[in-house]
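Novice: No letters, just coordinates:
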């Protein structure tokens, strides 16, 4: 059984590493000044910093996949593996949900009419989206598979536990305080995102309000659901609701949801800061989109703090330590 899991983990990790190649190649070409895939080559000049950041993020994903199959990956500090995988789970997990929903919407409802402004802003060729998001889909599925088997080997005690097994520690009130504040912030984010997804435009940047389409509505709706789910799952964990229930379900929801809030909130803030220039101010003023994105990031960070304290204490208890592999 273990041999089969090792084979599957190795294959999944190999697929995940291979899936990064097209994206990394495209980013390297853009960083080097090549206009491949761009309808407006000048637009890439303002995205150099963002392209460097996303290139680095995918390199980390490649290294994570390698860590899941190499002996040094099992010896690496837990946080060095868990934190980047947590962020990757949030970023790629959201894409795995939103892109199929967006495609399904196009098949059922038909293609949306695009305004002249939307067409002018679409600076990339159609095949670029297929390469990028197709690669993310394969990469996310394979990386999650490899990580699930890696975690099953390394943290088997935690994954087999129940909610009531979490320790009743001196930091319990601190964990609950962080979780409650995180939940309140997340609910505020969810309310704003749900309002925009339902057709509201108040608070959006002027240009974005004009160009708002079905894809953005799908992303906003998914973010709203994610924020609520992550908040509820974390509250279940820190308040020990349903102590006889398996720990893995609320842990998985809190893990992925909080990672999505943290990852996408932080990424969108960086994208806003590095790509918005004075001529682009109509995209930013008026509106409190950046405030909502900051709320996403903050909620994710607070959830991370509460969860890290709880899991660190659980890992220090009986059955929670890393499970050593033979040899």
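Specialist: Received, thanks. This structure is a prediction, so every number in the text was calculated from the model and none was measured.

Novice: mind listing the strands in the stretch 1-150 of the chain by residue range?
Specialist: Counting by DSSP state E, counting those that start in this stretch, the stretch 1-150 of the chain has no strands at all.

Novice: any weak-confidence spans in it?
Specialist: Low-confidence segments of the stretch 1-150 of the chain (pLDDT under 70): 1, 114-122.

Novice: now the helices for it?
Specialist: Secondary structure of the stretch 1-150 of the chain (DSSP state H, counting those that start in this stretch): helices at 2-31, 41-45, 48-67, 71-75, 78-109, 116-121, 126-154.

Novice: So for the third one, what gets flagged as buried?
Specialist: Pointing back at helix 48-67 there. Buried residues in helix 48-67, counting neighbours by 16 or more other C-beta atoms under 10 Å, are found at 50, 51, 54, 55, 57, 58, 61, 62, 64, 65, 66, 67. (Each C-beta comes from the backbone N, C-alpha and C, glycine too.)

Novice: Which single one of those residues is nearest to residue 173?
Specialist: Proximity to residue 173 was ranked across the buried residues of helix 48-67 by C-beta to C-beta; first place goes to residue 64, at 34.1 Å.

Novice: How much space separates the closest one from residue 290?
Specialist: Here residue 64 is placed at a distance of 29 Å from residue 290 (C-beta to C-beta, to the nearest Å).

Novice: Likewise for residue 3?
Specialist: Counting by C-beta to C-beta, the gap from residue 3 to residue 290 is 51 Å.

Novice: between those two, who's got more neighbours?
Specialist: Neighbours were counted for residue 3 and for residue 290 using other C-beta atoms under 10 Å; residue 290 has more, 15 against 7.

Novice: For that one, which non-adjacent residue is spatially closest?
Specialist: In space, and not counting its chain neighbours, residue 290 is closest to residue 272: 5.7 Å by C-beta to C-beta, 6 or more residues apart in numbering.

Novice: Just the angle for the host helix or strand of that neighbour relative to helix 78-109, thanks.
Specialist: For residue 272, the host element (DSSP states H and E) is helix 248-275. Here helix 248-275 points in a direction 80 degrees away from that of helix 78-109 (axes from the mean of the first three to the mean of the last three C-alpha atoms, to 10 degrees).

Novice: what's the offset of helix 248-275 from the middle of its chain?
Specialist: Between the centre of helix 248-275 and the centre of its chain there are 5 Å (C-alpha atoms, centre = their mean, to the nearest Å).

Novice: same thing with stretch 247-260?
Specialist: In this view, stretch 247-260 has its centroid 11 Å away from the chain centroid, taken as C-alpha atoms, centre = their mean.

Novice: same thing with stretch 7-20?
Specialist: 20 Å.

Novice: any idea how far residue 77 is from residue 88?
Specialist: Going from residue 88 to residue 77 by C-beta to C-beta gives 17 Å.
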